[in-house]
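>>> sequence below, structure please.
(one chain, ligands or ions: 1)
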Amino acid sequence: MSQYPSARFSVAPMLDWTDRHCRYFHRLMSRHAQLYTEMVTTGAIIHGKGDYLAYNEEEHPLVLQLGGNDPQALAQCAVLAEQRGYDEINLNVGCPSDRVQNGLFGACLMAHPQTVADGIAAMKAVVSIPVTVKTRIGIDEQDNYEFLCTLVDKVAEAGVDALIVHARKAWLQGLSPKENREIPPLDYERVYQLKRDYPALTMAVNGGIKTLDEARAHLQQLDGVMLGREVYQNPYLLAQVDAELFGEHWQVPSRHQVIRNLLPYIERELSQGTYLGNITRHTLGIFQGMPGARAWRRHLSENAHKRGAGPEVVEAAMARVPEESVVYS
Ligand SMILES: Cc1cc2nc3c(=O)[nH]c(=O)nc-3n(C[C@H](O)[C@H](O)[C@H](O)COP(=O)(O)O)c2cc1C
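Purely as a prediction, here's the structure:
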């Protein structure tokens, strides 16, 4: 079992999607799911003009995902992250985008296991929060089990606290990042094998998981599951996570109540200059599968970006969805 219970279920890091508004919204439905930031590069943190480490206190347990390859820069960012109160740091060894490859980090680091290990060791030396790696099972033609084990051996030696394995390889040339999340086949068995061969290493699987039944099946073999797109598109899935995967039965708010609970946050953010649409875009899927779901999405899509749009737009969108009579608990 995992040393870090919250790693039993996590919401994947997703660039442009899992920003702090999204994470605040997700947290309204699960107290235990571990949430990830988008990938933040060490360069942005060290040299950027904005505050790339900003988050809301409510988001804990929260993992900062770093993109980078220079041990010194990673260590510097890890210290800053710990000071800011992040619960964990994760190094991205899975992103195949051209931009990331040009910076020599992300998935192409799989071919440089010593660099990954040096980065992990450098971070472990300066922080006491867990430091983890998110990786693929291979890249390009380097997709045999031994290739993956070489990376795992190195990072284990460097003291990595957990591995999250996206159970498909990445093609570094010729496929877009989106295609790289769909075309290379999933191979869960390889991740199970890895856990059998490294039983002391905390390990979570990621990729293509859509239901909590599937999640439970993976948890028979592994310490954790990480879901990305399904949670983003169908966020109310999170409302069952605490009861079904953490054994905590609290009165989870209904879909409508989740949105009502978001309104004070929206007001606070709007008063600080955030656009309504930047928050509501993450909520479009909350009524998925319910009567009125389309009207909700349409009202928000047509109105939330307008100048001066405020909570009344959300209330009006919600009024188009019949209130549920049964509350999940
Ligand atoms: C829009 C989008 C952005 C993503 N950005 C990141 C990222 O910043 N870091 C990362 O490690 N993975 C990123 N991913 C990959 C996801 O974390 C995850 O590995 C992938 O979507 C497979 O999981 P899923 O099938 O549950 O979505 C991204 C995925 C999507 C859809």
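>>> distance of whichever residue of the chain sits closest to the ligand from L15?
Checking the chain residue by residue against the ligand with CB to the nearest ligand atom singles out G228 as nearest, at 2.8 Å. Just so you know, the C-beta spots here come from the backbone N, C-alpha and C atoms, and that holds for glycine as well. Taking CB to CB, to the nearest Å as the measure, G228 and L15 are separated by 11 Å.
>>> more neighbours: which of these two?
Neighbours around G228 and L15, counted as other CB atoms under 10 Å, are more numerous at G228. The numbers are 21 against 17.
>>> any idea how far V258 is from the closest residue to the residue of the chain closest to the ligand other than its chain neighbours?
Nearest non-adjacent residue to G228, counting by CB to CB, 6 or more residues apart in numbering: A12, 3.2 Å away. As judged by CB to CB, A12 and V258 stand 20 Å apart.
>>> strands along the stretch 201-329 of the chain, start to end?
All strands of the stretch 201-329 of the chain, identified by DSSP state E, counting those that start in this stretch, fall at 202-206, 224-227.
>>> okay, those in a markdown table with mean pLDDT next?
Listed next are the strands of the stretch 201-329 of the chain as a markdown table, based on pLDDT from 0 to 100:
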| stretch | mean pLDDT |
| --- | --- |
| strand 202-206 | 97 |
| strand 224-227 | 98 |
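>>> thinking again about what came up before, can I assume the residue of the chain closest to the ligand is in contact with V205?
No - counting by CB atoms under 8 Å, V205 is not a contact partner of G228; they are 12.0 Å apart.
>>> close to the ligand: what parts of the stretch 51-200 of the chain are there?
Q65, N92, G94, C95, K134, H166, R181 (CB under 6 Å from any ligand atom).
>>> wasn't the fifth one part of a strand?
Yes - the assignment for K134 by DSSP: H, G, I helix; E, B strand; the rest coil puts it in a strand.
>>> for the nearest residue to it once chain neighbours are set aside, list the residues it contacts.
Closest residue to K134 apart from its sequence neighbours, by CB to CB, 6+ apart: I164 at 4.2 Å. When the contact criterion is CB atoms under 8 Å, 6 or more residues apart in numbering, the partners of I164 are S10, N90, T132, V133, K134, T135, M203, A204, V205, N206, G224, M226.
>>> avg pLDDT for the helix or strand containing I164?
Under the criterion DSSP states H and E, the helix or strand holding I164 is strand 162-166. Over the span of strand 162-166, the pLDDT mean works out to 98.
>>> any idea which helix or strand comes after it?
The element immediately downstream of strand 162-166 (helix or strand, assigned by DSSP H and E) is helix 188-197.
>>> for that following helix, buried residues please.
Y188, R190, V191, Y192, L194, K195 (16 or more other CB atoms under 10 Å).
>>> OK, contacts around the residue lying closest to the second one once chain neighbours are set aside?
Beyond its immediate neighbours in the sequence, the residue positioned closest to R190 (CB to CB, 6+ apart) is I137, lying 5.3 Å away. I137 makes contacts with D143, L148, V165, H166, A167, R168, K169, D187, R190, V191, as judged by CB under 8 Å, 6+ apart.
>>> just checking, the fourth one touches K134?
Okay, so that is H166. Yes - contact between H166 and K134 holds when scored by CB under 8 Å: they sit 6.9 Å apart.
>>> returning to what we had before: what's the angle from the strand holding I164 to helix 188-197?
160 degrees (axes from the mean of the first three to the mean of the last three CA atoms, to 10 degrees).
>>> tell me the angle of strand 162-166 relative to strand 202-206?
Put simply, strand 162-166 runs at 20 degrees to strand 202-206, going by the same axes, to 10 degrees.
>>> buried ones in the helix ranked longest in the chain?
Across the chain, the helix with the greatest residue count (assigned by DSSP state H) is helix 255-271. Applying a neighbour-count criterion of 16+ other CB under 10 Å, one finds R255, H256, V258, I259, R260, L262, Y265, I266, E269, L270 buried in helix 255-271.
>>> near the ligand, from those residues?
Within the set of the buried residues of helix 255-271, contact with the ligand (CB under 6 Å from any ligand atom) is found for no member.
>>> mind putting those in TSV, distance to A111 included?
Rendered in TSV, the data for the buried residues of helix 255-271 read as follows (distance: CB to CB, whole Å):
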residue	distance to A111
R255	45
H256	49
V258	43
I259	45
R260	49
L262	43
Y265	42
I266	45
E269	42
L270	46
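>>> which stretches of the stretch 1-150 of the chain have low pLDDT?
In the predicted model of the stretch 1-150 of the chain, residues 1-5 satisfy pLDDT under 70.
>>> can we see that at 80?
Filtered on pLDDT under 80, the stretch 1-150 of the chain yields the residue ranges 1-6.
>>> the residue most central in space within the chain: what's it in contact with?
Relative to the mean C-alpha position of the chain, the nearest C-alpha, by CA atoms, centre = their mean, is the one of A12, at 2.2 Å. The neighbourhood of A12, defined by CB under 8 Å, 6+ apart, consists of T18, Y36, N206, M226, L227, G228, R229, V231.
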